[in-house]
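Undergrad: Sequence first, then the predicted structure, then my questions.
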Amino acid sequence: MMSWVASLFRRLGLFGSLTGFKWFWLPQDALAGLMLVAIAIPGQIATAHLAGMPPQTGLYAFLAGTLAFAAFGANRYISVAADSTIAPIFASVLVVLAGSDIARYGELVTVLALSVGLVLIVVGVFRAGWISDLLSIPVTAGFLGGVSIHIVIGQLPTLLGINIADGHLVTRFVDILRRLPDANPFSAAISAFVLFAIFSTGRFSRKIPGSLIGLSIASFAVWYFELQREGVAVLGALSPDLPHMRLPAISADDIARMFSLSLTIALICMMQTAAVVRSFPSIPGEVEDISKDFTAVGFGNILSAFFGSFPVNASPPSTAVVAGSGGKSQLSGLFAAIMIVALIVFSGPLFAYVPMSALCAVLVFIGFRIFRLREMIAIARYGGFEIILVIASICLVVLLPIETGVLLSVVLSLIHSIYTVARPVCAELVRLPGTTVWWPPEKPDRTIGEIEPGVVVFAPSAPINFTNIAYIRRRLIEKVNESGSARTHFVVLDASGVAAIDYTGAQVLGELITRLRKRGIEVAIARLSSPQAQSDAARSGLMATLGKQFVFHSVEDAVRKLMEEGSN
């Protein structure tokens with residue numbers, strides 16, 4: 001019977017992550033599922049608060065993400081659930097669209113989850129996972145840092161037990177500082193205790209659910225000392241109702257208004273999912289099917305929408321808990337889902353005394369965790385201008401509306417990528433003493449290395465295309481006309497760094513070769529090793545312009561041949 005079911009699942013492409021499952025894995029998966037629940041309960045409820053949704057919707061999001069990824073995903077460890085990275089981004093946008101209409105806000109959230117899911121499924125089906133690589137590490141660290149600041153400042157009023165009017169993030173922070181004397185000492189003490197519990201247990205072992213321990217003790221204190229009378233706000237009992245399937249109210253106007261937001265959230269989901277898959281591969285050393293995992297996260301978002309919840313994403317800390325607890329398959333997530341269902345049905349009243357300040361402390365901890373300070377320091381020590389990308393991304397997300405800031409951070413990453421291609425390193429090579437190897441000089445004045453009078457060996461280190469050919473041409477002409485050197489008679493293009501040549505690059509390079517030859521300067525090309533670049537040069541007519549007799553396998557051969565012909 002089980003073999004027949006397994007065969008059916010294989011044909012339908014379902015539960016592929018359970019391929020090769022062994023029954024003796026069950027105890028390890030059960031333990032990992034228990035650890036996952038301990039981490040997920042406070043995190044999911046806190047993220048629901050961050051998303052502006054009822055607390056049980058965070059648990060619904062966990063169920064949706066877990067069930068969908070187990071059915072459609074490929075990775076054995078990934079946990080998909082409500083995510084604090086994307087929650088403040090969509091919440092800041094949808095609260096403006098919905099105004100004060102809470103029901104309308106809930107509808108927009110579910111429509112967003114549905115549209116994000118559709119985008120991810122399309123990306124997965126067309127195997128366009130490379131899109132996730134469009135964000136550079138400095139820009140990613142920057143915009144996550146900005147999101148972290150939004151999370152921390154956004155939770156400070158509840159954490160301190162004070163009321164602050166809505167407004168710009170900087171204005172709210174200034175108001176918080178002014179209202180510090182009005183802070184509720186009980187709420188502040190609860191927050192401090194929960195943060196202490198999380199950080200202190202984390203120093204011993206990440207397997208210890210510090211957030212759950214802190215939340216439980218804080219809830220007991222609220223109940224025992226009746227701290228509600230002292231102004232401590234509480235979460236309230238969870239609804240015992242399980243999620244039921246329903247189609248979100250969708251209109252063309254809703255989809256159009258949230259199109260850019262859907263793409264932004266989907267891009268962040270792709271980036272984070274790809275990072276988690278690469279950090280926790282099913283089989284170390286083997287290539288993961290990231291596109292299939294994108295599809296699975298997409299189905300998780302769609303199921304979350306049908307559950308009346310909000311967008312979900314791959315969770316790095318939850319996945320780390322599964323892997324670190326010895327989990328072997330997606331059964332760990334399914335075990336956790338069963339326990340979450342039991343919690344919703346039988347234990348909802350236990351949340352009646354959970355203090356909101358304790359949940360905000362959990363979110364503040366999450367905010368600190370996604371602020372990649374060590375990575376920022378490493379980028380700064382690396383040197384160059386990439387630390388400016390980090391700072392610029394933080395400022396964009398903090399000073400502008402959060403969605404706009406994230407979108408501009410993505411644009412900033414693309415501009416950075418284009419700039420590195422548009423302004424490639426173009427070196428004039430020298431011969432290493434006593435060898436036939438041509439290499440970039442150790443010093444700009446080329447004092448260490450041999451040169452041949454009248455010969456310029458020029459090496460662009462990038463694909464030649466419409467974004468950089470004007471720059472490459474200008475640099476080559478500068479080298480040819482460089483004052484203080486002997487008159488140039490020969491130019492050798494070292495193409496070892498040229499992976500491809502587009503039509504514009506080929507045409508401009510062909511015109512430059514013709515122009516140099518009219519000046520009496522012969523041009524050759526060496527080490528055009530890329531098959532793609534060879535094909536591009538042949539199809540575009542560049543090879544015909546150059547002439548096959550001026551194509552060489554090494555720079556040394558090209559230099560010797562040109563000088564021999566020049567002496568005749």
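TA: Alright, I've got the coordinates. Numbers count the residues shown, from 1 in each chain.
Undergrad: Tell me the buried residues in stretch 212-222?
TA: Neighbour-count burial for stretch 212-222, counted by 16 or more other CB atoms under 10 Å, picks out 212, 213, 214, 215, 216, 218, 219, 221, 222. Bear in mind the C-beta positions are built from the backbone N, C-alpha and C, glycine included.
Undergrad: for the residues you listed, which one is nearest residue 535?
TA: residue 212 (59.0 Å; CB to CB).
Undergrad: From what I see, that closest one and residue 38 are in contact.
TA: Yes: counting by CB atoms under 8 Å, residue 212 touches residue 38, with 4.9 Å between them.
Undergrad: and residue 462, what is it in contact with?
TA: Residue 462 makes contacts with 420, 421, 424, 425, 468, 497, 498, 499, as judged by CB atoms under 8 Å, 6 or more residues apart in numbering.
Undergrad: Just the pLDDT at residue 286, thanks.
TA: If you check residue 286, the pLDDT there is 69.
Undergrad: re the thing from before, whichever of the contacts of residue 462 end up buried, select them in ChimeraX.
TA: Buried residues among those (16+ other CB under 10 Å), as a ChimeraX selection:
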select :424,468,497,498,499
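Undergrad: now, which of the contacts of residue 462 lie within helices?
TA: Of these, the ones assigned to helices by DSSP state H are 420, 421.
Undergrad: that older thread, adding distance to residue 366, secondary structure and pLDDT as columns, could you present the buried residues of stretch 212-222 in JSON lines?
TA: As requested, the buried residues of stretch 212-222 are arranged in JSON lines below (distance: CB to CB, whole Å; DSSP: H, G, I helix; E, B strand; the rest coil; pLDDT from 0 to 100):
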{"residue": "212", "distance to residue 366": "14", "secondary structure": "helix", "pLDDT": "88"}
{"residue": "213", "distance to residue 366": "16", "secondary structure": "helix", "pLDDT": "91"}
{"residue": "214", "distance to residue 366": "13", "secondary structure": "helix", "pLDDT": "92"}
{"residue": "215", "distance to residue 366": "13", "secondary structure": "helix", "pLDDT": "90"}
{"residue": "216", "distance to residue 366": "18", "secondary structure": "helix", "pLDDT": "92"}
{"residue": "218", "distance to residue 366": "17", "secondary structure": "helix", "pLDDT": "94"}
{"residue": "219", "distance to residue 366": "19", "secondary structure": "helix", "pLDDT": "93"}
{"residue": "221", "distance to residue 366": "22", "secondary structure": "helix", "pLDDT": "94"}
{"residue": "222", "distance to residue 366": "22", "secondary structure": "helix", "pLDDT": "94"}
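Undergrad: now, among those, which is nearest to residue 79?
TA: So of the buried residues of stretch 212-222, ranked by how close each gets to residue 79 (CB to CB), first place is residue 212, at 15.8 Å.
Undergrad: ok now do the closest one, which residues does it touch?
TA: By CB under 8 Å, 6+ apart, the neighbours of residue 212 are 38, 39, 41, 42.
Undergrad: what about the most centrally placed residue in the chain, which SS state?
TA: In the chain, the residue lying closest to the centroid (CA atoms, centre = their mean) is residue 271, at 3.0 Å. Here residue 271 is helix, with the state taken from DSSP: H, G, I helix; E, B strand; the rest coil.
Undergrad: counting contacts, what elements does the one helix or strand residue 191 maps to pack onto?
TA: Using DSSP states H and E, residue 191 maps to helix 185-204. In terms of contacts (3 or more CB pairs under 8 Å, 6 or more residues apart in numbering; DSSP states H and E), helix 185-204 is packed against helix 137-160, helix 210-225, helix 356-370.
Undergrad: could those go into JSON lines alongside distance to residue 383?
TA: JSON lines is the format used below for these (distance: least, CB to CB, whole Å):
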{"stretch": "helix 137-160", "distance to residue 383": "12"}
{"stretch": "helix 210-225", "distance to residue 383": "37"}
{"stretch": "helix 356-370", "distance to residue 383": "25"}
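Undergrad: what comes up buried for stretch 467-484?
TA: 467, 468, 469, 471, 472, 473, 475, 476, 479, 480.
Undergrad: Could you measure from the second one over to residue 457?
TA: Using CB to CB, to the nearest Å, we find residue 468 at a distance of 19 Å from residue 457.
Undergrad: Next: the third one.
TA: Applying CB to CB, the value for residue 469 to residue 457 is 19 Å.
Undergrad: thinking again about what came up before, in the helix holding residue 191, what's buried?
TA: Within helix 185-204, the residues scored as buried using 16+ other CB under 10 Å are 186, 187, 188, 189, 190, 191, 193, 194, 195, 197, 198, 201.
Undergrad: ok, now stretch 166-176?
TA: For stretch 166-176, burial by neighbour count (16+ other CB under 10 Å) applies to 169, 172, 173, 175, 176.
Undergrad: cool, stretch 321-332 as well?
TA: 321, 322, 323, 325, 327, 328, 329, 330, 331, 332.
Undergrad: residues touching the second one, list them.
TA: It stands for residue 322. Shown in contact with residue 322 (CB under 8 Å, 6+ apart): 32, 35, 36, 77, 79, 332, 333.
Undergrad: Are there helices or strands packed against the strand or helix carrying the last one, and which ones?
TA: Element membership for residue 333 (DSSP H and E) is helix 331-346. If you count contacts as 3+ CB pairs under 8 Å, 6+ apart, helix 331-346 packs onto helix 26-50, helix 55-72.
Undergrad: After the last one, which helix or strand is next?
TA: Secondary structure here is assigned by DSSP H and E; on that basis, the next helix or strand after helix 55-72 toward the C-terminus is strand 80-82.
Undergrad: Phi first, then psi, for residue 554.
TA: With angles defined as degrees, to the nearest 10, residue 554 sits at phi -140, psi 150.
Undergrad: Count the residues that sit near it.
TA: Residue 554 has 16 neighbours, counted by other CB atoms under 10 Å.
Undergrad: measure the closest residue to it other than its chain neighbours to residue 560 for me?
TA: In this structure, residue 554 finds its nearest non-sequential neighbour in residue 526, 5.9 Å apart by CB to CB, 6 or more residues apart in numbering. Using CB to CB, residue 526 is found at 11 Å from residue 560.
Undergrad: out of these two, which sits in the more crowded spot?
TA: Between residue 526 and residue 560, counting by other CB under 10 Å, residue 526 is the more crowded of the two (24 against 14).
Undergrad: For the more buried one, give me its contacts.
TA: Each residue near residue 526 by CB under 8 Å, 6+ apart is listed here: 492, 493, 494, 495, 496, 551, 552, 553, 554, 555, 557, 558.
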